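> I'll drop the sequence and a predicted model, then ask my questions.
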Amino acid sequence: MYNSPPLTGYYFSWCEMPSSIKVAPSLLAANFANLGQQIATIESAGADWHHVDVMDAHFVPNLAFSPDMQGHLNGLTDKFIDTHLMMEEPSRYVDAFIQAGSKNITIHVECNEDVESSLKNIKDKGLMAGISLKPGTPVESLDPYLEMVDLILVMTVEPGFGGQSFIHPMLEKLQYLRSRLDSLGLDSYLEVDGGINDETGRLCAEAGANVLVSGSYLYNAENPKQAIQSLRD
């Protein structure tokens, strides 16, 4: 097992250790015709992070967000950029997304790479590293990597498209992972993405999640500040 290096001041300068709910609006739901205003509005409403879903049209049936596109976001914000690589070969693009402002890079346990080596590569470059899994993948598949990562992302919809309905049985995965993290004495972030609103967000928080990714619920809200607060509460 790879032993992660001690967390540095770089890590702490970008995000606090997990202690309360963080809200990470998903850029997938933003209106890119008016991105600057969208980012300013969602940040003034209280967003903690920005979540970027990168899709290669192979690992998932959609295509989204090149490093250049994320770079435009990076030029508009000082917030933590949480990059989720839904890709068959994520390591090919790690350096490009670092250049584009990523502070965390999450890869999938189902990717076509040596997962341990890929995570080590991300950590060695000074970033937080995350691991994710699709709804149909057994949660136990993450066990070998829990002590390597800073973040675990549970998908509560099939990855690839926004606006899907929350898959409630995924709450059991959150409960399992919260129990495992606590038993191992790990303070990694437990993140959830897919169909998150005030109701499902509450269920996820009760199951142990402390980072809530939400797209349509936040970017389409009449009152984004109230919507973000409803997740944090």
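Received it, and whenever you're ready, just let me know what you need. Numbering: from 1, shown residues only.

> could you confirm Thr106 falls within a strand?
Yes - read with DSSP: H, G, I helix; E, B strand; the rest coil, Thr106 is one of the residues of a strand.

> beta-bridge partners for the spatially closest residue to it that is not a sequence neighbour, please?
Take Thr106 and drop its neighbours on the chain: the residue closest to it by C-beta to C-beta, 6 or more residues apart in numbering is Gly130, 3.1 Å away. No exception for glycine: its C-beta is placed from N, CA and C like everyone else's. Counting by DSSP bridges, Gly130 forms beta bridges with Thr106, Leu151.

> Gly130: neighbour count?
26 (other C-beta atoms under 10 Å).

> now do the one 3 residues further on
Here the number of neighbours of Leu133 (other C-beta under 10 Å) works out to 22.

> what about it, distance to Tyr219?
Per C-beta to C-beta, to the nearest Å, Leu133 is found 25 Å from Tyr219.

> and His58, by the same measure?
According to C-beta to C-beta, His58 and Tyr219 sit 27 Å apart.

> neighbour count for these two, which is higher?
It is Tyr219, of His58 and Tyr219, that has more neighbours when counted by other C-beta under 10 Å, with 20 against 12.

> once you drop chain neighbours, what's closest to the more buried one?
With C-beta to C-beta, 6+ apart as the criterion, Tyr219 has its nearest non-adjacent residue at 4.1 Å, and that residue is Ala29.

> most distant residue from the centre of this structure?
Glu222 (24.2 Å; C-alpha atoms, centre = their mean).

> backbone dihedrals for it, please?
phi -70, psi -30 (degrees, to the nearest 10).

> tell me how far it lies from Asn34.
Going from Glu222 to Asn34 by C-beta to C-beta gives 16 Å.

> list the buried residues of the lengthiest helix in the chain.
The helix spanning the most residues in the chain, taking DSSP state H as the definition, is helix 171-184. With burial defined by 16 or more other C-beta atoms under 10 Å, the residues of helix 171-184 counted as buried are 171, 173-174, 176-178, 180-181.

> contacting residues around whatever helix or strand comes next after it?
Note on helix 171-184: by DSSP states H and E, the next helix or strand toward the C-terminus is strand 189-193. Strand 189-193 is contacted by residues 18, 22, 24, 26, 51, 53, 82, 84, 106, 130, 150-157, 170, 174, 177-178, 181, 204, 208-213 when judged by C-beta atoms under 8 Å, 6 or more residues apart in numbering.
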